[in-house]
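Novice: model the structure of this input:
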Amino acid sequence: RALLLDSTYRPVGVANWQRAICLDLMDKADVLEYYEQSVRSVQLEYFLPAVLRVRRHRGTSRHTQVVTLNRANVMLRDRYSCQYCGSSRELTIDHVVPQSKGGGNTWSNLVACCASCNSKKGDKSLEQLRWKLRQQPK
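Specialist: Residues are numbered from 1 along each chain as shown. Take a look at the predicted model:
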């Protein structure tokens, strides 16, 4: 077994000897320590890696996770309630700044909205209607 370290030398896992040799041969890791044992192929002898520093670790930390922007996640964020009146019936997605006025499909511009409020709002801004959001989208 070989210990795998990330680029900051923190342990990220353990690999078997075959995987450790492959990481070394494909230049995906730097070997920091070797065991005294070796394995032989027909032409070459390889010492078994004991500790490797992986150059690019593909794991995701909880600080770098990206949540996909889609209807289900917007509804979940807004707790399945209209952000204008609080209703939970006939929910749709509304653009706070209308697309016709330059509003895009971003987390801060999309909210859950009931069909009634969505039709009343149309392509008007919140200031024009004197409406307020129940919670700021983020």
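Novice: can you give me the helices for the chain?
Specialist: 17-25, 71-77, 115-121, 126-129 (DSSP state H).
Novice: which helices and strands does the third one pack with?
Specialist: The helices and strands touching helix 115-121, judged by 3 or more C-beta pairs under 8 Å, 6 or more residues apart in numbering; DSSP states H and E, are strand 91-95. Where you see a C-beta, it was placed from the backbone N, CA and C, and this is true even at glycine.
Novice: so what strands line up beside the strand it packs on?
Specialist: Strand 91-95 pairs in its sheet with strand 110-114 (antiparallel), by DSSP bridges.
Novice: starting at the chain centroid, how far to the strand it pairs with?
Specialist: 23 Å (C-alpha atoms, centre = their mean, to the nearest Å).
Novice: rewinding a little: distance to residue 3, mean pLDDT and mean neighbour count added to the helices of the chain, as TSV?
Specialist: Converted to TSV, those look like this (distance: least, C-beta to C-beta, whole Å; pLDDT from 0 to 100; neighbours: other C-beta atoms under 10 Å):
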stretch	distance to residue 3	mean pLDDT	mean neighbour count
helix 17-25	9	93	17
helix 71-77	37	95	14
helix 115-121	56	95	16
helix 126-129	56	93	11
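Novice: and the spatially closest residue to residue 20 that is not a sequence neighbour, how far from residue 116?
Specialist: Excluding the flanking residues, the one nearest residue 20 by C-beta to C-beta, 6 or more residues apart in numbering is residue 2, at 3.7 Å. Applying C-beta to C-beta, to the nearest Å, the value for residue 2 to residue 116 is 62 Å.
Novice: one more: residue 86?
Specialist: 12 Å.
Novice: tell me which other helices or strands the lengthiest strand in the chain touches.
Specialist: In the chain, with assignment by DSSP state E, the single longest strand is strand 29-40. Strand 29-40 sits against helix 17-25, strand 45-54, with contacts defined as 3+ C-beta pairs under 8 Å, 6+ apart.
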